[in-house]
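Colleague: this one's sequence-less:
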């Protein structure tokens, strides 16, 4: 075999461009589909990774450090690669010149590159009078969002000449760019400046020597990122922040579905290629015969066929691969333009997979054609044998059926069917039936999968609530019988035991008489009752959620804008309200473990070794003391509640009206349940701890936002002086009428309204002093005592009287099963958890509003101190596309940075979603493949019939059969076969009509 032989093969292909082009086109389509699936798989995964890097940065660890020197341990660490730095030059100050959390600084190029921080609008600053601001910071500044506008910043700069060593200045910058959000998105994003200046300007306003460094992971690291981070954190002198949003993210990989698609497409592709090559080689029979007659050996014939097949297949596959790459790159380019995320890649596995298919196609195609040569010889032999037998049979057999105009079509059709062969007819019908069964199974399973997903999709993926007051503590206002406690002489007082003994003498229902008598000295006249307010500081979560401010609209808009978020619903969750009930026992509640004493400070680390025998040997898992979930009348929780408690346990209407509640009890620090709450117990909801207070006050750093809002209002109105605890009595005096009689009347009404006895001797003592002196006393009394008297009533009403009450319909002990059933409705269970109607919450808030309104003597409360039911809980539901968009990762990162406590249940649903997508692809791909295969094979069979019966059809036409008769013959034969896949019969009838019409048009 020489070169001339191969040249002849190539020339032979060139002379038959038309036939070769048809084969190349069909084979090219097969390779294009396979290459497309492989490219989709590879780039779908890469898209998810690059999307996470685009949002969270391509850094591994972050460290707060010194601007003048980088940590040498990290800089030279073998596990870390590049590093970037952002200098923190200064801070933004508010109008009262209090430092805010908004930082000003400069990013170097490496930081920008590793962080993937890009401008959404505009550009980074180029001049010293320009700044770029990230979106979240820009919204906090609240000065506009137009590029080129002025942004005013209050900053403090060093000035050695000033007596203080610094100056307060207000600078105006041009907004050159708006950067995508990172301060509220990244883990550790709050450490990074949100206002970016030029390097020179950062030096000009420099007052801080802090900086933030980020480091990328080494390229050779491919796993165990969390372990590597923990190892780094132990060795490095400083606290590292781990980019968990990126390195703990697990993209959806599609499981084995892509492999299934690849195998199916390869099998169909190779089969299609083999068929197309066999069709091509049939058109080359005449040429092969000439070559054989010229003296070509069998080996040369095989080589000739293989060369032709290889050239056709290789050229087709290369063209298919190139076109797939171009199409995939174009699609990715469009996505990149829309999202700004670059992710297109071609893995070498794609080339390997296509090479395997290429080899299989060439080998199988060659084998089919070589076998075809042998089958042709066998066919010629059997045909001669059949003709001889038919000739002998016809000599002794009389024809029974004679063709006429009435049975012409029918008898010709029968002969065509017999000519097709019984085995081929059975195979065609079985093939049609199998395709229909496959499509029905795929449709049924797709519908079933969707139904299962819809049930799952109704459940929330994330339930979160806004922790409005991170530092606010529970405060227990209680009265105690003042009993002298005796301890053995010479022994150190056991403070923990002392606290427990005090609480064992607590009084649950404090009357006005008790409180009023003991008010001035905080101890009753008889010395029997004392009043105290104790902060619960240790081993318990803070009272951080209340019905004061609703969720910020910008938070909702951001969450809604996250790709994959399908729906957001709202709720009310409260942890800041203290409860009371007649049988409450502070010791059974575990209050001694929570109060502000040194023994409780490190209980979890030292309780086992403590000398205090009162401590439990188990560590305390901090939880909320009280938690309340308020539900609306149309909530689905009622069905769940009926399932947990039983339908007859709760009066649903009473529950909806706020007259009944369900209580969930968890174990106290000593590991037992509080048995003082039972069915029928009346639970009182106390007022939020609010300013002002007669006895002491809360440190501003630990007060609630509502507490501070009242203080700010009273301070702005002059009701309270600069002294946090000093009430200005002149405010109340100014509200009393000028007429002397009216003053006396209002003073009397005030006392009577607040149940304060206006003693008879008050009149008697002053009656002989004269009218003028009497009214002077009234003025003096108003100035001195009115504020005190009003505060006394306010303090009692807000601290010792329930704002609302409801009867316990059912007490349920909390376990994992209960938590699981209610996880969509209750964000977090406390030691005491209440499920109540929002009507009960409204009653409690209205009561507290009225108490404050009476104290301030206002007709209506201003908005900033008016309480109402405001949503502070969000339930987020993800769509099916969340599985490959990393939605759970993005939402979790944002909520954590935005001050929300949340529980994510998306992991459980992700498995269902992943299975759903894989099922859609599996059944959809299989069903569509079965449909296309059935349609293509059916049309191929029809085309083969045209070719098989072409000579007979010509004879029929020459003997007078018109085109309608031929059309009827073909259609009748096709319809009988279509009945075996009846669901596609309408479509196939149309396609067959088109094909047959086109064929007979040329007859």
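Modeller: Structure's in. What do you need? Not measured: the values here are computed from a predicted model.
Colleague: state whether residue 33 is indeed within a helix.
Modeller: Yes: under DSSP: H, G, I helix; E, B strand; the rest coil, residue 33 falls within a helix.
Colleague: thought it was touching residue 265?
Modeller: Yes: using Cβ atoms under 8 Å, residue 33 is in contact with residue 265, at 5.7 Å. In this view, the C-beta of every residue, glycine as well, is placed from N, C-alpha and C.
Colleague: the two - which one has more neighbours?
Modeller: residue 265 (22 against 18; other Cβ atoms under 10 Å).
Colleague: helix or strand: which one has the more buried one?
Modeller: In the assignment (DSSP states H and E), residue 265 maps to helix 257-283.
Colleague: just the mean pLDDT for that helix, thanks.
Modeller: Across helix 257-283, the average pLDDT comes to 69.
Colleague: what do you get for stretch 589-599?
Modeller: 81.
Colleague: repeat for stretch 531-547
Modeller: 86.
Colleague: the helix or strand hosting residue 791: what's the following helix or strand?
Modeller: If you go by DSSP H and E, residue 791 is part of helix 771-799. As assigned by DSSP H and E, the chain's next helix or strand after helix 771-799 is strand 804-813.
Colleague: could you report the neighbour count for the nearest residue to residue 479 once chain neighbours are set aside?
Modeller: Once flanking residues are discounted, residue 479 sits nearest to residue 507: 4.3 Å by Cβ to Cβ, 6 or more residues apart in numbering. Residues lying near residue 507 (other Cβ under 10 Å) number 16.
Colleague: I figured residue 257 hits residue 923, correct?
Modeller: No: if you go by Cβ under 8 Å, residue 257 and residue 923 don't touch, sitting 10.6 Å apart.
Colleague: the two - which one has more neighbours?
Modeller: residue 923 (21 against 18).
Colleague: what mean pLDDT would you report for stretch 446-463?
Modeller: Here the average pLDDT along stretch 446-463 is 83.
Colleague: residues in contact with that stretch?
Modeller: Identification of contacts with stretch 446-463 by Cβ atoms under 8 Å, 6 or more residues apart in numbering yields 566, 569, 823-825, 827, 873-880, 882, 888, 891-892, 895, 902-906, 909, 912-913, 915-916, 919-920, 923-924, 927.
Colleague: mind listing what's buried in that stretch?
Modeller: 446, 449, 453, 456-457, 460-463 (16 or more other Cβ atoms under 10 Å).
Colleague: any chance of the residues you listed in JSON lines, plus secondary structure?
Modeller: JSON lines is the format used below for the buried residues of stretch 446-463 (three-state DSSP):
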{"residue": "446", "secondary structure": "helix"}
{"residue": "449", "secondary structure": "helix"}
{"residue": "453", "secondary structure": "helix"}
{"residue": "456", "secondary structure": "helix"}
{"residue": "457", "secondary structure": "helix"}
{"residue": "460", "secondary structure": "coil"}
{"residue": "461", "secondary structure": "coil"}
{"residue": "462", "secondary structure": "strand"}
{"residue": "463", "secondary structure": "strand"}
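Colleague: the residue nearest the centre of the chain is in what secondary structure piece?
Modeller: Relative to the mean C-alpha position of the chain, the nearest C-alpha, by Cα atoms, centre = their mean, is the one of residue 888, at 3.2 Å. Per DSSP H and E, residue 888 falls inside helix 887-897.
Colleague: mind listing residues that contact the helix or strand just after that helix?
Modeller: Sequence order places strand 900-904 as the next helix or strand after helix 887-897, per DSSP H and E. The contact list for strand 900-904, computed with Cβ under 8 Å, 6+ apart, reads 461-467, 823, 827-828, 874, 888, 891-892, 895-896.
Colleague: same for the helix or strand harbouring residue 131, what does it pack against?
Modeller: Element membership of residue 131 [criterion: DSSP H and E] is strand 130-134. Packed against strand 130-134 by the contact rule (3 or more Cβ pairs under 8 Å, 6 or more residues apart in numbering; DSSP states H and E) you find strand 150-158, strand 166-179, strand 195-196.
Colleague: now the second one: mean pLDDT?
Modeller: Translated: strand 166-179. 91.
Colleague: quick one: strands adjacent to it?
Modeller: Each strand paired with strand 166-179, and its direction, by DSSP bridges: strand 119-122 (antiparallel), strand 130-134 (parallel), strand 150-158 (antiparallel).
Colleague: pLDDT weak spots in the stretch 651-800 of the chain?
Modeller: Within the stretch 651-800 of the chain, the segments meeting pLDDT under 70 span 694-697, 722-726, 728-787.
Colleague: can you give me the helices for the stretch 601-750 of the chain?
Modeller: Along the stretch 601-750 of the chain, the segments classed as helices by DSSP state H, counting those that start in this stretch run 603-606, 637-645, 652-657, 705-716, 730-734, 740-753.
Colleague: apologies, that question was intended for the stretch 901-1003 of the chain.
Modeller: 906-948, 950-958, 963-978, 985-1001.
Colleague: rank those helices by pLDDT, which is bottom?
Modeller: helix 950-958 (a mean of 73).
Colleague: related to what we said a few turns ago, kindly reformat the strands paired with strand 166-179 as CSV containing distance to residue 808 and mean pLDDT.
Modeller: CSV is the format used below for the strands paired with strand 166-179 (distance: least, Cβ to Cβ, whole Å; pLDDT from 0 to 100):
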stretch, distance to residue 808, mean pLDDT
strand 119-122, 53, 89
strand 130-134, 50, 93
strand 150-158, 53, 91
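Colleague: between those, which gets nearest to residue 597?
Modeller: Smallest distance to residue 597 across the strands paired with strand 166-179 (Cβ to Cβ): 40.0 Å, for strand 150-158.
Colleague: follow-up on the earlier one: which stretch among the strands paired with strand 166-179 is buried most, on average?
Modeller: Ranked by mean neighbour count, those are led by strand 130-134 with a mean of 24 (mean count of other Cβ atoms under 10 Å).
Colleague: helices and strands around the next helix or strand after that strand, which ones?
Modeller: For strand 130-134, the following helix or strand on the C-terminal side (DSSP H and E) is helix 135-141. Applying 3+ Cβ pairs under 8 Å, 6+ apart, we find helix 135-141 packed against strand 99-107, strand 166-179.
Colleague: quickly find the element holding residue 843.
Modeller: Assigned by DSSP H and E, residue 843 falls within helix 838-856.
Colleague: and the angle for that helix with helix 705-716?
Modeller: Counting by axes from the mean of the first three to the mean of the last three Cα atoms, to 10 degrees, helix 838-856 lies at 20 degrees to helix 705-716.
Colleague: by contact count, what packs against helix 838-856?
Modeller: strand 565-574, strand 626-631, helix 771-799, strand 804-813.
Colleague: try it again with 7 Å
Modeller: Helices and strands touching helix 838-856, as assessed by 3 or more Cβ pairs under 7 Å, 6 or more residues apart in numbering; DSSP states H and E, comprise strand 626-631, helix 771-799, strand 804-813.
Colleague: can I assume residue 691 is in contact with residue 713?
Modeller: No: with contact defined as Cβ atoms under 7 Å, residue 691 does not count as touching residue 713 (9.2 Å).
Colleague: any idea how far the nearest residue to residue 798 once chain neighbours are set aside lies from residue 556?
Modeller: What sits nearest to residue 798 in space, not counting adjacent residues and going by Cβ to Cβ, 6+ apart, is residue 687, at 4.3 Å. Between residue 687 and residue 556 the distance, using Cβ to Cβ, to the nearest Å, works out to 29 Å.
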